[in-house]
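Q: fold the following for me, if possible:
(one chain, ligands or ions: 1)
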Amino acid sequence: MKSFEVNFDGLVGPTHNYGGLSFGNVASQSNSQQASNPKEAALQGLDKMKALMDMGFVQGVLAPQERPDVGALRSLGFSGTDAEVIKRAAKEAMPLLAASCSASSMWVANAATVSPSADTADGRVHFTAANLNCKFHRSIEHPTTSRVLSAMFADQQHFAHHAALPAVAQFGDEGAANHTRFCREYGEAGVEFFVYGRSAFDSRYPAPQKYPARQTLEASQAVARLHGLSEEGVVFAQQNPSVIDQGVFHNDVIAVGNGELLFHHQDAFLNTEHMLDELRRKLAARGAQFQSISVPRDQVAVDDAVRSYLFNSQLLSRADGSMLLIVPEECRTNPRVWHYLQSLTSAGGPIREVKVFDLKQSMQNGGGPACLRLRVALKETELAAVNPGVIMTAPLYDTLTGWVNKHYRDALRESDLADPQLLLECRTALDELTQILKLGSVYPFQIN
Ligand code: SUG
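A: Numbers count the residues shown, from 1 in each chain. So this is what the prediction gives:
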């Protein structure tokens, strides 16, 4: 049976702004308080989706969330009408209003961890929504994420959904950003690679000193158990704490994998050789020939990787078996990274082509091409069971660009977040979107 890797990209929401909310994420910190352009951000994302669709990849779209999240503000003690809640938060606690307005759900690599049916004990595709427990503005995403994913993947014969892990730091879970799957064919059993930043319960594991390690070993293990993955089908590896302290807040900022290939920075992991051996051995047992490309630090420093997002790229398999790397514009403007990429594609290895996309609006908050997509490997019958409203087509692209042009502002500053009109604009836009994408009622304003 045919199988596919479908990329579901997060549609950027109407409140996209630079709130400086993510300590440990260099771009979020350094662009704090700049004016954003939500319209441009959403159109840049849609252009990437359209380009991949035009190249022949199956492309999907994941809806943004209702923001400002008035419910989150109410849970923190702000009361009155929705407009009063927003006004009071703006006056008394601007950081909380900014958090409740973040469009961070666009980075859907953090929406959930997904295990394809060939890997799971019950033969269904499993989803666990990520609790994103490390940051308040992200921890409020998972209830809506779960509803949206359930509306997209509704057929219980093929799809199983798990609620987010307990909302404590010990089970901090950031979803697919710390999870990669290797396989020969997408529909065959593979090896799922979970990368964690620290252990919550075992002090023998080193931890970063400066920035938080968002993903714990215990969270990754819990997700693997929930999904019914076998011992032979998983590898757990620790991120190098020193790269977290240099701004690598998710593993997808320093490594990316696809098929039988892991493309990573030399300093990405601890105990790298041991980990590569385990991947090689477990993949060989599944008939796959694992290979890795390690980018040497003397060619591309960790700092270059963090600034250019070289590894936050999409590694895609083309029909002829070769691979294509989708990178952000920032890779072309970094001479060392660009030089490395030229030598990589001319070396005759598996990665043959690089395509560059302008995703500056998202990049300025630390979200590159890979952050913007959730990968779901599906067999033909499973793809047929996905809600067709969320699969990208030329008419859907036209409808969504029209929808963005109609509803989105082209500038947003912190002071604009206090405008109660923004909430109304957002709800009007999202109400229309749920009809376009045929999602039913998924937002708090639609169900409460
Ligand atoms: O969680 N930025 C996101 C970026 C997520 C990137 N995702 C992956 N690497 N998969 C984060 O740090 C910044 C929001 C602000 O500052 O306004 C933010 O949430």
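
Q: which strand or helix spans the nearest residue to residue 255 once chain neighbours are set aside?
A: Spatial nearest neighbour of residue 255, excluding adjacent residues (CB to CB, 6 or more residues apart in numbering): residue 264 at 3.7 Å. Just so you know, the C-beta spots here come from the backbone N, C-alpha and C atoms, and that holds for glycine as well. If you go by DSSP states H and E, residue 264 is part of strand 261-265.

Q: from the contact counts, what lies against that strand?
A: Packed against strand 261-265, as judged by 3 or more CB pairs under 8 Å, 6 or more residues apart in numbering; DSSP states H and E, are the following elements: strand 179-182, strand 255-258, strand 291-295.

Q: dump those into CSV; add mean pLDDT as well.
A: Below are the helices and strands packed on strand 261-265 laid out as CSV (pLDDT from 0 to 100):
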stretch, mean pLDDT
strand 179-182, 98
strand 255-258, 98
strand 291-295, 98
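
Q: now distance to residue 124 too, for those, in CSV please.
A: CSV is the format used below for these (distance: least, CB to CB, whole Å):
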stretch, distance to residue 124
strand 179-182, 16
strand 255-258, 23
strand 291-295, 30
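
Q: would you mark the buried spots in stretch 280-289?
A: The neighbour-count check on stretch 280-289 (16 or more other CB atoms under 10 Å) flags 280, 282, 283, 286, 288 as buried.

Q: for that stretch, the averaged confidence score.
A: Average pLDDT, stretch 280-289: 98.

Q: around the ligand, which positions in this protein sit nearby?
A: 18-22, 25, 28, 102, 104, 107, 109-110, 138, 177, 249-250, 252-253, 365-367, 371 (CB under 6 Å from any ligand atom).

Q: chain center to the helix or strand bottoming out on mean pLDDT in the chain, what's the gap?
A: None of the helices or strands of the chain scores lower by mean pLDDT, DSSP states H and E than helix 26-30, at a mean of 94. With CA atoms, centre = their mean, to the nearest Å as the basis, helix 26-30 stands 17 Å off its chain's centre.

Q: export that helix to CSV, keeping only CA atoms.
A: Extracted as CSV, the C-alpha positions of helix 26-30 are listed here (Å, rounded to 0.1, in the frame of the first residue of the first chain):
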residue,chain,number,x,y,z
VAL,A,26,17.4,33.9,21.2
ALA,A,27,15.2,35.3,18.4
SER,A,28,12.1,35.7,20.7
GLN,A,29,14.3,37.6,23.2
SER,A,30,16.1,39.8,20.7
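
Q: can you point out the buried residues in that helix?
A: By 16+ other CB under 10 Å, the buried positions in helix 26-30 come out as 26, 27, 28.

Q: quick one: residues contacting the second one.
A: With CB atoms under 8 Å, 6 or more residues apart in numbering as the criterion, the residues that contact residue 27 are 363, 364, 365, 366.

Q: the last one and residue 22 touch, don't they?
A: So that's residue 366. Yes - judged on CB atoms under 8 Å, residue 366 makes contact with residue 22 at a distance of 6.4 Å.

Q: which neighbours do these two share?
A: 28, 249.

Q: what about whichever residue of the stretch 201-350 of the chain sits closest to the ligand, distance to residue 99?
A: Nearest residue of the stretch 201-350 of the chain to the ligand: residue 250, at 3.8 Å (CB to the nearest ligand atom). To residue 99, residue 250 is 19 Å away according to CB to CB, to the nearest Å.

Q: what of residue 25?
A: Residue 25 is 14 Å from residue 99, by CB to CB.

Q: next, count neighbours for residue 221.
A: Counted with other CB atoms under 10 Å, residues neighbouring residue 221 total 16.

Q: what about it, which SS state?
A: helix (DSSP: H, G, I helix; E, B strand; the rest coil).

Q: which stretches of this structure have low pLDDT?
A: When residues are selected by pLDDT under 70, none of them lie in the chain.

Q: mean neighbour count for the helices and strands packed on strand 261-265 - can I get that in TSV?
A: Shown next, in TSV, are the helices and strands packed on strand 261-265 (neighbours: other CB atoms under 10 Å):
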stretch	mean neighbour count
strand 179-182	25
strand 255-258	24
strand 291-295	17
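
Q: which one, of those, ends up nearest to residue 65?
A: strand 179-182 (21.6 Å; CB to CB).

Q: what pairs with that closest one, parallel or antiparallel?
A: Using DSSP bridges, strand 179-182 pairs in its sheet with strand 191-196 (antiparallel).

Q: how far off strand 261-265 does the partner strand point, in degrees?
A: 20 degrees (axes from the mean of the first three to the mean of the last three CA atoms, to 10 degrees).

Q: turn the contacts of residue 27 into JSON lines, including distance to residue 230 and neighbour count.
A: Supplementary listing: these in JSON lines, determined by distance: CB to CB, whole Å; neighbours: other CB atoms under 10 Å:
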{"residue": "363", "distance to residue 230": "38", "neighbour count": "25"}
{"residue": "364", "distance to residue 230": "41", "neighbour count": "19"}
{"residue": "365", "distance to residue 230": "37", "neighbour count": "27"}
{"residue": "366", "distance to residue 230": "34", "neighbour count": "25"}
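
Q: out of those residues, name the ones that lie in helices.
A: Judged by DSSP state H, the contacts of residue 27 include residue 363 as members of helices.

Q: returning to what we had before: doesn't residue 293 make contact with the residue nearest to residue 255?
A: Yes - counting by CB under 8 Å, residue 293 is a contact partner of residue 264 at 7.4 Å.
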